[in-house]
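Trainee: Starting from these lines, generate the structure:
(chains A and B)
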Amino acid sequence: MINTHDILETINMIREENLDIRTITMGISLLDCADGDIEKSCRKVYDKICFKAQNLVKTGENIEKEYGIPIINKRISVTPIAMVSAASNGDPLKYAKALDKAAKEVGVNFLGGYSALVQKGFASGDERLIRSIPEALASTDRICSSVNIGSTKTGINMDAVALMGKIVKESAQLTKDKGLVGPSKLVVFCNAPDDNPFMAGAFHGAGEPECVINVGVSGPGVVRAALSKIPDADITEVADTVKKTAFKITRVGQLVASVASQRLNVPFGIVDLSLAPTPAVGDSVAHILEEMGLEKCGACGTTACLALLNDAVKKGGVMASSHVGGLSGAFIPVSEDAGMIDAARSGSLLIEKLEAMTAVCSVGLDMIAIPGDTPAEVISGIIADEAAIGMINSKTTAVRVIPAIGKKDGEEIEFGGLFGVSPIMKVSTASPAKFINRGGRIPAPIQSLKN
Amino acid sequence: MRAILTVVGRDTVGILAKVSTLCSECNINVIEVSQSILQDMFCMIMLVDVSKSNVEFTRFAAKCDELGKQLGLSVNAMHEDIFNSMHRI
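Mentor: Next up is the predicted model:
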């Protein structure tokens, strides 16, 4: 039998330290649902999702009960809808409605993939889909949207960057009376992964199989608790402890992924080794950084601590799972992390520091509220800066900023639930309009002479 | 399927008896028991076989929880695979 200490450690991780499986996400290819007749195509989309995912939620719940490990979300990601809608060239909103209906029918809380991949340019249907995003997010409940506007191999599509600034703003305008849910379900990516199980940026990439199960683990509380037991250790030991803890967390993810894949008779895709915070006490990535020795997240040294954390999580997790993918690393969504919220309120965490942090962690500027009067060009500037970091460093970066309509910096907005609370952060008001409105593409970067 | 049942808390008379009575009521076979004092806490770990149980595992886990509340202890039942996957390579 396993020794007492190990058994109690596991129980403690789940009961006290918020270890959970953040999401089981079923990826479904909709490529075969394309049709010249849009009504027919939407029907195929609805039917296919309802058929493939009919047992997803129930299976997830059963595993949760049987193994005693909480599985917070059961979700679906689909082929970027721009690819499916291209065949009919009809109104993409019809797909949004069909997807929303299917998501409700099978009982998942979010469905991602109202997306377009335009890193090199707009294909037929892409621009139409992007322009429909604000309306789609405002008129549905469970749809998430993402747009990939750049990659290391292609460079950055600045026409798309300019457009996305306007779309984010419009999305906020349209949902200003609904708690700004629009922009909180919209992610602008550079180097978007095809197999990411986390919302709002999940979609089922074109090279993915017909149907697949991806699992996202979490557990910032577990890592923080492990570090709190070694308050005076040197950094080598800190990194080692994070690595070992990430290994244990990921093993649980791997177990759940393989059981789910077996029971649903769907191949196992990947485990996403992410530390995803929630606003709950003890579930914060910022608190891990503070446990390492920072007075507050955002202090000088934050980027170094985050780099160590991100790398150690990957090193520990890779050994624990047969296939790793998705975003894999530490998430730093401001409004969803109690420590980040505190740091932003106290003024120690600024948007510029967050931007630096995104160069070494897994995603980007995530769930950051900005003043409601921020011009679309400034939002495009934020997107361009983030995409540049991702493009040059061959990593995924993303922007999910929330223009808080009618509010200024220093105020706060409350999203509720997992989305949390966010202090509105100050953004430089100098205009990048001339640069953004030039259009064109930033060429793909050189991959040698790395200095 | 095998499960691990843990009992942690202040030591009192009859803990083992009450927990094993619950197992026997549910037709759950106790395979192995270990007992120790860890950080001043009484700690008992049982490896049990639930394959012939007359209640669903989730119901059994809920009963363990209830018993724990009655006794003022933490009684927890979980699938063995969670522990195996986390602590064995």
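Trainee: Would you confirm that residue A:115 contacts residue A:203?
Mentor: Yes: Residue A:115 lies in contact with residue A:203 (Cβ atoms under 8 Å); the separation is 4.5 Å. All C-beta spots, glycine's among them, are computed from the backbone N, C-alpha and C.
Trainee: any shared contact partners between those two?
Mentor: The contact sets of residue A:115 and residue A:203 overlap at A:80, A:146 (Cβ atoms under 8 Å, 6 or more residues apart in numbering or on different chains).
Trainee: just checking, residue A:412 touches residue A:420?
Mentor: No: contact criterion Cβ under 8 Å: residue A:412 and residue A:420 do not qualify, at 10.5 Å.
Trainee: who's more crowded, these two?
Mentor: residue A:420 (22 against 15; other Cβ atoms under 10 Å in any protein chain shown).
Trainee: Would you mind measuring from that one to residue A:12?
Mentor: Using Cβ to Cβ, to the nearest Å, residue A:420 is found at 25 Å from residue A:12.
Trainee: Three-state assignment for residue A:196, please.
Mentor: coil (DSSP: H, G, I helix; E, B strand; the rest coil).
Trainee: repeat for residue A:114
Mentor: strand.
Trainee: Pull the contacting residues for it.
Mentor: A:81, A:92, A:95-96, A:99, A:129, A:133, A:136-137, A:143-146.
Trainee: try it again with 7 Å
Mentor: Contact analysis of residue A:114 by Cβ atoms under 7 Å, 6 or more residues apart in numbering or on different chains lists A:81, A:96, A:99, A:133, A:136, A:143-145.
Trainee: Also residue A:173?
Mentor: residue A:405.
Trainee: and if you look at residue A:437?
Mentor: Counted by Cβ under 7 Å, 6+ apart, residue A:437 has contacts residue A:162.
Trainee: give me the number of residues near the closest residue to residue B:82 other than its chain neighbours?
Mentor: Among residues not flanking residue B:82 along the chain, residue A:67 sits closest, at 5.5 Å (Cβ to Cβ, 6 or more residues apart in numbering or on different chains). Residue A:67 has 23 neighbours, counted by other Cβ under 10 Å.
Trainee: can you check the one 10 residues further on too?
Mentor: If you count neighbours by other Cβ under 10 Å, residue A:77 ends up with 31.
Trainee: May I have the phi/psi pair for it?
Mentor: The phi/psi pair for residue A:77 (degrees, to the nearest 10) reads phi -120, psi 140.
Trainee: Quick check, pLDDT for it.
Mentor: At residue A:77, the model reports a pLDDT of 96.
Trainee: pretty sure it contacts residue A:112?
Mentor: Yes: Residue A:77 is in contact with residue A:112 according to Cβ atoms under 7 Å; the separation is 4.7 Å.
Trainee: Mutual contacts of those two, please.
Mentor: Joint contacts of residue A:77 and residue A:112 (Cβ under 7 Å, 6+ apart) are A:202-203.
Trainee: host element of the spatially closest residue to residue A:118 that is not a sequence neighbour?
Mentor: Residue nearest to residue A:118 in three dimensions, not counting chain neighbours: residue A:160, with 4.7 Å by Cβ to Cβ, 6+ apart. If you go by DSSP states H and E, residue A:160 is part of helix A:158-174.
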